[in-house]
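Visitor: What shape does this take:
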Amino acid sequence: MEESTVTYNIKFIVRDYECDLQGVVNNANYQHYLEHARHEFLISRGVGFVQLHNEGIDLIVTKVEIEYKFPLRSRDEFMVTVKIQKEGNARILFIQDIFRLPDLKLVVRARVTGIATKKGRPVPPPGDLVLKLGLEF
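Guide: Have a look, this model is predicted:
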């Protein structure tokens with residue numbers, strides 16, 4: 001695997017409705033945070049889902065691994081980081097962490113695997129996408 005030199009960070013704040021009866025963020029909401037950070041990262045690199053789809057390419061998630069380390073609570077501020085790596089001939093691996101702010105307490109460590117598809121079949125990521133992401137396949 002080749003690690004990307006690209007690191008992206010985005011800040012959020014926990015909203016009340018994202019917490020469960022125990023007063024902590026419901027585990028499913030961490031996936032929303034991770035996904036939103038990936039989308040914002042791709043947009044920051046000039047990658048648009050609509051444009052890719054119109055070109056016949058769709059980016060999909062095939063696997064998500066999450067380690068929950070510490071809970072977030074209502075009104076906590078936090079940061080999601082995104083790094084990317086290539087994996088094999090077609091997979092893109094997003095390495096993501098969530099840190100509580102301002103103390104940078106590790107909350108979540110995640111690995112999200114994605115692929116590009118064309119007409120529902122896996123394909124190597126197109127060259128312009130690879131360039132925008134700073135990866136080589």
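Visitor: Show me where this protein dips below the pLDDT cut-off.
Guide: Scanning the chain with the threshold set as pLDDT under 70 gives 1-6, 137.
Visitor: Could you point out the longest strand of it?
Guide: Looking across the chain with DSSP state E, the single longest strand is strand 105-118.
Visitor: what about the residue nearest the centre of the chain, is that helix, strand or coil?
Guide: Closest to where the C-alpha atoms of the chain average out (C-alpha atoms, centre = their mean) is Arg38, at 3.4 Å. When classified by DSSP: H, G, I helix; E, B strand; the rest coil, Arg38 comes out as helix.
Visitor: I figured it was touching Phe94, is that so?
Guide: Yes: between Arg38 and Phe94 there is a contact at 5.6 Å, judged by C-beta atoms under 8 Å. Glycine gets a C-beta too; all of them are placed from N, C-alpha and C.
Visitor: what do those two both touch?
Guide: Residues touching both Arg38 and Phe94 (C-beta atoms under 8 Å, 6 or more residues apart in numbering) are 82, 112.
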